[in-house]
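Undergrad: Prediction below, plus the sequence it came from.
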Amino acid sequence: MSVDKATGDPGPTLPAAGGDAGTAGAAPSSAADAVLVRSLLRDACVATLATTDRATADRPVGRAYASLVEVATTVDGQPVLLLSQLARHTRNILADPDVSLLVDRREAGGNALAAPRATLMGRLRIDASPLTRERYLRRHPTGAGFADFGDFQFWSLSIESAHMIAGFGRIREVGAEILRLEHRLGEAAPDFIAALARNEARLIDEFESELRSRGKPSHWERIVGLDPEGVDVVRHGRPDRIAIAAPATDMASFKHSILTALAIDGTS
């Protein structure tokens, strides 16, 4: 769960009858809605993947097929999955890459339908980037045991839209453009995001060494990911997130913001 969650405008109040009120009840989205969707995705360790079942002789019409997957993100916020070609969902994707991915922020013992969640819709593609691999395996190190198997590949989701429900009464349809991190960061975003992705592993070592040299206590074990809106850590053996108050658009402000956030988290 993020330390700093942006919830934005509470939106219209709808009857709290439970569940999804559907697209008809969705209000126009805002930048704050996009921040929340990205936060839900960055927080997630697992997600529900919905694919279209391939038609077979005894099942001529494809049906929706849902499965549980581990999820990570690229620096710019694309969901990343590690999938086996032997899995049913992967065979479905090879036939039809249009999928949905549900992420949520349920608390154990809480009201699941009152928790924020988002369904991300888009197309999956194979992602052979070494940086994508490194980032995924930092978040899910057990994946290293089978990432090199011939039937496993990394996939990234190009998000085309998101259906977000932030508790009862706040429903948004969030488009691809406003979801892009570049929409929040502005013109400097592409170059900065690319530089951050290239240097992420080195920066993680630098931040961890700096905090150790300061003798700062911490409530997390290690850093697993960096992006312009925050830092992903492992806390008590589980991925967690520390958001920064304002997104960084250059390396100097990024380093200052991340070190400050990590130091504050260590003393809170």
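TA: That came through, no problem.
Undergrad: Distance from the strand or helix carrying Leu137 to the middle of the chain?
TA: Per DSSP states H and E, Leu137 falls inside helix 130-139. Centroid separation between helix 130-139 and its chain, computed with C-alpha atoms, centre = their mean, to the nearest Å, is 13 Å.
Undergrad: pLDDT averaged over it - what is it?
TA: For helix 130-139, mean pLDDT rounds to 97.
Undergrad: Next, the buried residues of it.
TA: The neighbour-count check on helix 130-139 (16 or more other C-beta atoms under 10 Å) flags Thr132, Arg133, Arg135, Tyr136, Leu137, Arg138, Arg139 as buried. From N, CA and C alone the C-beta is placed, and that goes for glycine too.
Undergrad: for stretch 65-80, same thing?
TA: 65, 69-80.
Undergrad: Stretch 153-170 too?
TA: In stretch 153-170, counting by 16+ other C-beta under 10 Å, buried: 153-157, 159, 161-170.
Undergrad: so which of the buried residues of helix 130-139 would you say is closest to Gly237?
TA: Top of the list for closeness to Gly237, among these and by C-beta to C-beta, is Arg139 at 12.8 Å.
Undergrad: Might you quantify the distance of the helix or strand just after the helix holding Leu137 from its chain's geometric centre?
TA: Toward the C-terminus, helix 130-139 is succeeded by strand 152-166 as the next helix or strand (DSSP H and E). A distance of 8 Å separates the C-alpha centroid of strand 152-166 from that of its chain, computed with C-alpha atoms, centre = their mean.
Undergrad: Mind giving me the packing neighbours of the helix or strand following strand 152-166?
TA: On the C-terminal side of strand 152-166, the nearest following helix or strand under DSSP H and E is strand 171-175. In terms of contacts (3 or more C-beta pairs under 8 Å, 6 or more residues apart in numbering; DSSP states H and E), strand 171-175 is packed against helix 31-43, strand 152-166.
Undergrad: quick check: angle from the helix holding Leu137 to strand 152-166?
TA: Between helix 130-139 and strand 152-166, the angle formed by their directions is 70 degrees, by axes from the mean of the first three to the mean of the last three C-alpha atoms, to 10 degrees.
Undergrad: Residues in contact with helix 130-139: which ones?
TA: Residues external to helix 130-139 that are found in contact with it (C-beta atoms under 8 Å, 6 or more residues apart in numbering): 45, 72-75, 80, 82, 143-144, 147, 154, 156, 197-198, 200-201, 204, 224-225, 232, 239.
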